[in-house]
Every structure is written in structure tokens, then in C-alpha cells.
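*Asks:* What would the 3D arrangement of this be:
(one chain, ligands or ions: 1)
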Amino acid sequence: MSARVLVIGGAGYIGSICARVFSDAGHRIVTLDNLSTGHRGAVSGPFIEGDIRDRKLLQEVLRSEPFDAVLHFAAKSVVGHSVHQPAHYFDVNVGGTIGLVQEMLDAGVRRMVFSSTCAIYGTPLTLPLTEDLPFAPVSPYGETKAMVERFLALCREREGLQVTCLRYFNAAGAMLDGSLGEAHDPETHLIPLAIQAAMGRRPPLKLFGTDYPTRDGTCVRDYIHVLDLADAHLRALKQLLEGDSGDGYNVGTGQGTTVREVLAATGRAVGTPVPHAPAPRRAGDPAALYAQSDKARLTLGWEPRFTDLDDIVSSAVKWARSPQF
Ligand code: UDP
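*Replies:* Model (predicted):
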């Protein structure tokens, strides 16, 4: 079934790749993004430049055609920045989403897939992370996403909003043809920084903490290919279109990978070892985070296709070497 989908924040890394995947799957996509961190060149098809907090614009756009759903990616997402600018993070992530949902309801658009995060769980007491764990975020960023999830759950119960929250683990990788990928400014994520360090485009990578209680002393994360995230969105939308009221799902591979293992995979993919140096721990980094995604498997029929870290990193290298980068 082909749906009309408004993709908010669709010029960013995950949003632009999801928009491309949805378009390839036959859906009609309209993208709205304020280009604060996204890239105009990452968008194909109809594009509206605007801010999620612009209620008048949202009102106009949501009434411009009969949208079946909104994919909501628009957010401030750098954990470290959120610590210093909580007001801005709450304004965009929480305030922006509240306004968006009200405008959606007023316009009769009742389906949303929301980009959530494993950061809502905070520092885990048990692993793998399951959906029934309490929300216990440790950063303002995580707090905004937890708050939005609670708000959306109320709207699901009380306002008839069909909404699914996908809790991403560490999004990584790129379109396999190297046409779209991660390009943050400033870049803070491990894989792009490691690739660029190996290519000599950046200084040696700082290993944030080498004394964690993990198998090699570095942090363990669950790196999930962005195309697997996009597939989870496709399945979540299908379920909503079939009349489901929506739910919250972890989206990770379930495999924990250390920072040193990422560096080794990056060295193999680039063909040059990643120069690196030990550095102090980064504030707020839990030692280990990885998902249990059985709920998405069972309910959405979702299964990650990219379970080999080398494949994930190789796609990111192809992107870093592409002329579009
Ligand atoms: N990391 C690192 N050096 C860097 C960037 C990240 O050692 O320059 C580590 C970080 O401490 C974390 C992992 O790499 O354990 C993934 O970090 P990233 O910022 O990519 O994602 P996060 O887990 O914070 O969402």
C-alpha cells in the first residue's frame, strides 16, 4: 500500500535515508526540515524548509494534502550539548513535538512514527535492555525523549493518535551505493570520526575511557545499520496503516561491540589502522548498552539484515569516500 508521508527532520542522517527507503518502497514523501543540521542535498522530492516549532507552517503543510502519517525525526540530539543547553533541547524536542501532535490532531492526521532512543533507559542495571525497563534518562537529551514518549503514550490512549516509538541504539552505516550517509557538524560519533582519522582527515581518535568493566576496557554499544532502522520504520508504518494503535520498540542488533572492536573493523574497511590515543571517560557514558529487540521481531516481523560490523562500517567508508560526502 502506498501512503502519503510527511517526513519531519528528513534532511538529517537517519531521516534522509528513511525518506529514500520509503520513496523506493512506493510511498509519496514530502520532507520538512529547518536545515539546522540537515542537508538540502540529502533530500529528493518535495521539500519545505521550516522549523517544527512554526505552528502556522505545520498547520498549512498538514492541510496541504491528505497525509496518512508523519515520520518524526526532528530533534536536537547531541547528548553533551544537551547538558549545557537544556532549555533549547526541551524547546525543540518536547515543545516542538507537542505542537506538531496538536496540529496533526487538528488536521486529522493520526499516525506517527517517532524517533526515540535507548538513552531513555539511562545507565542500565540489567542487560540486554528490554522495553519493560523504567525510563531513567541521565542526560537532558534522554529526558526530552522520555518525556515525549510519555506524552505520546497519553495521546495514544486519550486522543486516538496511532503512534509507534522506535528506540534506536547506535545508528551507523550508510546507503549501500554511498549516496547518503552521516555528515554532522560538529561530528561526535565514533564510526565517522574513526574513519576520518584512518583517512588522515582528522587527528587521532580519542578513546573515551579504557578502564570500563568490559572485555577490553572500552565501552560496549549496539551498532545498528541505518537501513535496518529504515526497515523498522516501514514495518511500523504498515502496522499503523493496518489499524494498530502503536507501541514502543527497541531497535538494535542485540550484539554488544567495544570501541576497540569498532576501531579494528574501521581499520580493515579503510585499509589503514585507526590512529588513536587513550583519553578520559566522557561524562554520562554507560559502560555497556545493547538491545533485546525480540518485541520488534515478534510484533513487526523485523529482523536486522546487517549483523556483521564489518558490513556496517564498510558502507560508512563507501559514503566517506563518495563525492557527495
Ligand atoms: N567514543 C570514543 N571517542 C570518540 C567518540 C566516541 O571513544 O571520539 C566512544 C563513546 O565513548 C561511546 C562510543 O564511542 O562509548 C559511541 O559513541 P557515540 O558518540 O558514537 O554514540 P553514543 O553511544 O554516545 O550514542
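
*Asks:* where does the chain come near the ligand, residue by residue?
*Replies:* With the criterion set to CB under 6 Å from any ligand atom, the chain comes near the ligand through 79, 170, 188-190, 193, 205-208, 219, 221, 259, 282, 285. The way it works is simple: take the backbone N, C-alpha and C, and place the C-beta from them, glycine included.

*Asks:* Please repeat the previous calculation with a cut-off of 8 Å.
*Replies:* Within the chain, the positions near the ligand by CB under 8 Å from any ligand atom are 79, 117, 119, 170, 188-191, 193-194, 205-209, 218-221, 259, 262, 279, 281-282, 285, 289.

*Asks:* Tell me where the stretch 51-200 of the chain has helices.
*Replies:* 55-64, 79-84, 86-89, 96-107, 140-158, 190-198 (DSSP state H, counting those that start in this stretch).

*Asks:* would you turn these into a markdown table with mean neighbour count?
*Replies:* Putting the helices of the stretch 51-200 of the chain into a markdown table (neighbours: other CB atoms under 10 Å) gives the following:
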| stretch | mean neighbour count |
| --- | --- |
| helix 55-64 | 16 |
| helix 79-84 | 16 |
| helix 86-89 | 16 |
| helix 96-107 | 20 |
| helix 140-158 | 19 |
| helix 190-198 | 24 |
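
*Asks:* Make JSON lines out of the ones you listed and add distance to residue 11 and mean pLDDT.
*Replies:* Below are these laid out as JSON lines (distance: least, CB to CB, whole Å; pLDDT from 0 to 100):
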{"stretch": "helix 55-64", "distance to residue 11": "15", "mean pLDDT": "98"}
{"stretch": "helix 79-84", "distance to residue 11": "19", "mean pLDDT": "92"}
{"stretch": "helix 86-89", "distance to residue 11": "19", "mean pLDDT": "98"}
{"stretch": "helix 96-107", "distance to residue 11": "15", "mean pLDDT": "98"}
{"stretch": "helix 140-158", "distance to residue 11": "20", "mean pLDDT": "98"}
{"stretch": "helix 190-198", "distance to residue 11": "17", "mean pLDDT": "98"}
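
*Asks:* Name the residue of the stretch 201-325 of the chain that lies nearest to the ligand.
*Replies:* The minimum distance from the stretch 201-325 of the chain to the ligand, using CB to the nearest ligand atom, falls at residue 219 (3.0 Å).

*Asks:* so that residue touches residue 257, yeah?
*Replies:* No. Using CB atoms under 8 Å, residue 219 makes no contact with residue 257, being 9.5 Å away.

*Asks:* Show me what the helix or strand bottoming out on mean pLDDT in the chain is packed up against.
*Replies:* Using mean pLDDT, DSSP states H and E, helix 79-84 stands out as the lowest-scoring helix or strand of the chain, at a mean of 92. For helix 79-84, the helices and strands in contact under the criterion 3 or more CB pairs under 8 Å, 6 or more residues apart in numbering; DSSP states H and E are helix 140-158.

*Asks:* Burial check on residue 268, number of neighbours?
*Replies:* By other CB atoms under 10 Å, 16 other residues sit near residue 268.
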